[in-house]
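Visitor: Sequence first, then the predicted structure:
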2 protein chains.
Amino acid sequence: MPPVLRFEPIPHEGLEFADTVLVVDVIRATTTAVAFLEAGASELWFAPSHDHALALKADGFVVAGETHGAKPAGFDLGNSPLEALRANVKGKRVVMSTTNGTRAASLAARSARRLALASLWNLDAAARWAQSAARSEIAVLASGKEGRFGLDDTFVAGALFARLSGEPDDGARAARLIFQAFENPADPLQVAAAGRALEAIGLGYDVGAAAKTNQSQTVPVLAGSEGPYLVFRRTSL
Amino acid sequence: MPPVLRFEPIPHEGLEFADTVLVVDVIRATTTAVAFLEAGASELWFAPSHDHALALKADGFVVAGETHGAKPAGFDLGNSPLEALRANVKGKRVVMSTTNGTRAASLAARSARRLALASLWNLDAAARWAQSAARSEIAVLASGKEGRFGLDDTFVAGALFARLSGEPDDGARAARLIFQAFENPADPLQVAAAGRALEAIGLGYDVGAAAKTNQSQTVPVLAGSEGPYLVFRRTSL
């Protein structure tokens, strides 16, 4: 039986997953997560709050994240994929706390059998990982923006579904149509609320960077949890 | 200031609305609701459960609705727009209880300032009603199917947004793209999970019927609530 391809456009209480989930927050958390592992971080942790992230500083973690796009007080780094690629994180553990992406991942982790982070940077690799061991379902959870539908994440979901084999649900069909409506990935990212919000605070370069496809073969795969933290390790394929 | 055009693809706890909301369950609750008022019902009530609907029978209400597409035990009528159009409801009150549409409307009614029901049958009229007195926002809430994204309702949302003036959010932009991807309204309705489920139980004719555009100038507008019931009255425009 081919897996069901399922799209969930909004993280919300009550969502349950049975099998494989790809979490997408292309602007910018899941792009930045790929970048940290690509830059050599030994592990990437997602924290449920800024305080939880800061609490790991004493253990030698590099602390990264954002509030309304900006680096929170006390954090080492923001939530920038370009900054993450250049960061000195080789062999270190990185912990991230962001507004949308890390929360969506926490929600999905409650029930998913397998969970990984996807973006345009690791598009083909994430699709291969999802397809490789899916049993009944491959779901893509879009992180959206503060509970609202995100055009950017939906475009990426459609790009993933275009690479996956299975039986699309209504949402996967819709996401594919959104994907097909754009020739250039930068367009849906720039028109999306998330892209415009970054542009407005002078971080538009990160939107252009996040629109680049297949920059990496790295898939951040959920290895387990440590208390309230999610621990991702690098899988290359 | 033009209103924000906002699309909410999934009814879920925590959703809040500030202004004007159109609830869409094109297959079939909001199409059937238009049909009952078109057929001369004096009022249309939405009940929060089948038991609540049946409780009004003693007061002379016509009781209509469905479970998995079929008429529940004790109900006078199913949830069929074609059946509703022919039903003997002139001057009578009708109460409906359905799986998705009536629940989505209850959720939206908690916070909306103005609420009405939209379908392809009353597409232009519903858009005119929404635009006429919107202040800050016109939201379209898609009822979906048991908490999942519905291609059918998203197509109708896109058709509404194509008729509305305002500043689209990411979801409204996406819904418009979905609307533009189909030439024939019957196609997205037939491919949608809701349409296929009806086809599978021999009710495919209702899907074709629901795909007809601008059959009616009737807009079911929320007049108020009676305990746990929502009371809709006919507005023509």
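Guide: Nice, I can see it. Numbers count the residues shown, from 1 in each chain, chains lettered A, B, ... in the order given.

Visitor: any low-confidence regions in chain A?
Guide: The model of chain A has no residue with pLDDT under 70.

Visitor: tell me the SS of the closest residue to residue A:27 other than its chain neighbours?
Guide: Among residues not flanking residue A:27 along the chain, residue A:194 sits closest, at 4.1 Å (C-beta to C-beta, 6 or more residues apart in numbering or on different chains). Where C-beta positions appear, they are placed from N, C-alpha and C, glycine not excepted. Classification of residue A:194 using DSSP: H, G, I helix; E, B strand; the rest coil returns helix.

Visitor: Residue A:194: how many residues sit nearby?
Guide: 28 (other C-beta atoms under 10 Å in any protein chain shown).

Visitor: Do I have it right that residue A:225 meets residue A:109?
Guide: Yes - here residue A:225 reaches residue A:109: they are 6.8 Å apart, a contact under C-beta atoms under 8 Å.

Visitor: More neighbours: those two, which one.
Guide: Neighbour count, other C-beta under 10 Å: between residue A:225 and residue A:109, residue A:109 has more, with 17 against 14.

Visitor: What separation do you get for that one and residue A:46?
Guide: 9 Å (C-beta to C-beta, to the nearest Å).

Visitor: Chain A: helices as residue ranges?
Guide: Here chain A has its helices, by DSSP state H, at A:29-38, A:50-54, A:81-86, A:101-109, A:123-132, A:151-163, A:170-180, A:186-191, A:193-200, A:204-210.

Visitor: who's in contact with the first one?
Guide: Among residues not part of helix A:29-38, those counted as contacts by C-beta atoms under 8 Å, 6 or more residues apart in numbering or on different chains are A:23-25, A:44, A:46, A:64, A:79-82, A:84-85, A:87, A:89, A:94, A:96, A:98, A:100-102, A:117-122, A:143, A:209-210, A:215-216, A:218-220, A:232-234.

Visitor: Which ones among the residues you listed map onto strands?
Guide: A:23-24, A:44, A:46, A:64, A:94, A:96, A:117-118, A:218-220, A:232-234 (DSSP state E).

Visitor: from those, which would you call buried?
Guide: A:23-24, A:44, A:46, A:64, A:94, A:96, A:117-118, A:218-220, A:232, A:234 (16 or more other C-beta atoms under 10 Å in any protein chain shown).

Visitor: re earlier: can you tell me which of the helices of chain A is most buried?
Guide: Highest mean neighbour count among these (mean count of other C-beta atoms under 10 Å in any protein chain shown): helix A:29-38, with a mean of 30.

Visitor: from the middle of its chain, how far away would that one be?
Guide: Computed by C-alpha atoms, centre = their mean, to the nearest Å, the chain-centroid distance of helix A:29-38 equals 8 Å.

Visitor: same check, this time on stretch A:166-182
Guide: Worked out by C-alpha atoms, centre = their mean, stretch A:166-182 lies 19 Å from the chain centre.

Visitor: With only the CA atoms kept, save that stretch in PDB.
Guide: Output in PDB follows, covering the C-alpha atoms of stretch A:166-182 (Å, rounded to 0.1, in the frame of the first residue of the first chain):
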ATOM      1  CA  GLY A 166       1.500   8.100  -2.300                       C
ATOM      2  CA  GLU A 167      -2.200   8.900  -2.100                       C
ATOM      3  CA  PRO A 168      -2.600  12.700  -1.600                       C
ATOM      4  CA  ASP A 169      -5.300  13.900   0.700                       C
ATOM      5  CA  ASP A 170      -7.200  17.200  -0.100                       C
ATOM      6  CA  GLY A 171      -4.500  19.300   1.600                       C
ATOM      7  CA  ALA A 172      -1.600  17.600  -0.300                       C
ATOM      8  CA  ARG A 173      -3.500  18.200  -3.500                       C
ATOM      9  CA  ALA A 174      -4.000  21.800  -2.600                       C
ATOM     10  CA  ALA A 175      -0.300  22.300  -1.600                       C
ATOM     11  CA  ARG A 176       0.800  20.800  -4.900                       C
ATOM     12  CA  LEU A 177      -1.400  23.300  -6.800                       C
ATOM     13  CA  ILE A 178       0.200  26.100  -4.800                       C
ATOM     14  CA  PHE A 179       3.700  24.800  -5.600                       C
ATOM     15  CA  GLN A 180       2.800  24.600  -9.300                       C
ATOM     16  CA  ALA A 181       1.500  28.200  -9.300                       C
ATOM     17  CA  PHE A 182       5.000  29.600  -8.800                       C
END
